[in-house]
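[1] Structural data only, the sequence is not supplied:
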Ligand code: NAD
């Protein structure tokens, strides 16, 4: 059954040129949304416009770790459409390394891209949102627990999880809902590095109760639920979509 949950809705999506962001852009577009897409990868972003149609899609080259870039992104959306109905804060990067191995520069970059960006976007966008609007932040199951050699990512995504709750409180009475998505292992370019370490991808996958990584479209459908009126009484929720990973105690099968 086809749905049209986003007819005429204005949706801003960061990290929209690849993976979960691109899959969500496609789903939102298929349900009638007008999109303002942002990514640091201008070529792949332009390809999304070519695919989805310039009449319904705008692309802004944007480094989400820069407050000014996000300000320009939100201003572009407001100049074009006059408001923002949906903000999907999704751009992110990973990093390998313990706190001893990692440089301060890497730490700061991961926190800036994965966490500061969410504040920058909310700071600029919320004044242009009205009752019924919705924000979805991509966190991770790495924001709910610790991973080996993922210190900066764990810290950033843990911040996104609790910042989401704070945003939900501050804007509940404004009628703006705010929720987080916590994906498990998703088959996107961000996880490509795991394939370079022999055996790691197989080991990781074998620990997922459902026995497989997800496709980005399986995250897009969760984001669409959270962003749509189907979730009209859902705010401050940390929605896990991880094939059962965090439900498992870790006891061997
Ligand atoms: P992806 O690499 O396919 O997409 C990430 C996108 O973000 C890319 O298009 C990239 O160009 C963009 N980006 C990176 N740095 C940016 C910056 N500074 N400014 C603007 N754009 C930037 O990966 P994905 O899996 O689709 O990741 C989307 C989100 O999902 C991220 O926040 C990631 O941390 C999160 N996540 C992914 C997984 C997974 O297993 N793939 C698991 C949990 C959470």
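    Noted; the coordinates are in hand. These figures come from a predicted structure and were not determined experimentally.

[2] How about the contacts made by the most centrally placed residue in the chain?
    Nearest to the geometric centre of the chain sits residue 90, at 2.2 Å (CA atoms, centre = their mean). Taking CB atoms under 8 Å, 6 or more residues apart in numbering as the contact definition, residue 90 lies against 13-16, 20-21, 24, 136-138, 223. Any C-beta I mention is one placed from the backbone N, CA and C, and that applies to glycine too.

[3] what comes into contact with the biggest helix by length in the chain?
    Of all the segments assigned as helix in the chain under DSSP state H, the longest by residue count is helix 151-171. With contact meaning CB under 8 Å, 6+ apart, helix 151-171 is reached by 94-95, 97-99, 102, 106-107, 110-111, 113-115, 118-119, 122, 126, 135, 137-140, 142-147, 177-180, 182, 235-236, 238.

[4] quick one: the strand or helix carrying residue 107 to helix 151-171, angle?
    Here residue 107 sits within helix 104-111, counting by DSSP states H and E. For helix 104-111 against helix 151-171, the angle by axes from the mean of the first three to the mean of the last three CA atoms, to 10 degrees is 40 degrees.

[5] packing partners for helix 104-111?
    helix 151-171 (3 or more CB pairs under 8 Å, 6 or more residues apart in numbering; DSSP states H and E).

[6] gap between the longest helix of the chain and the chain center?
    Distance, stretch centre to chain centre, for helix 151-171: 12 Å (CA atoms, centre = their mean, to the nearest Å).

[7] Can you give the distance from the following helix or strand past it to the centre of its chain?
    Of the helices and strands lying after helix 151-171 in sequence (DSSP H and E), the nearest is strand 177-183. Strand 177-183 sits 8 Å away from the centroid of its parent chain (CA atoms, centre = their mean).

[8] Following element in sequence after strand 177-183, please.
    Going C-terminal from strand 177-183, and assigning secondary structure by DSSP H and E, you next hit helix 192-196.

[9] So which bits of the stretch 101-250 of the chain are right by the ligand?
    Within the stretch 101-250 of the chain, the residues that sit near the ligand (CB under 6 Å from any ligand atom) are 113, 138, 140, 183, 185-186, 188-191, 216.

[10] now with 8 Å?
    Within the stretch 101-250 of the chain, the positions near the ligand by CB under 8 Å from any ligand atom are 112-114, 117, 138-142, 153, 157, 181-191, 213-214, 216, 219.

[11] what sits against the nearest residue to residue 218 once chain neighbours are set aside?
    Closest residue to residue 218 apart from its sequence neighbours, by CB to CB, 6 or more residues apart in numbering: residue 241 at 6.9 Å. Contact analysis of residue 241 by CB under 8 Å, 6+ apart lists 181-184, 214, 218-219, 222.
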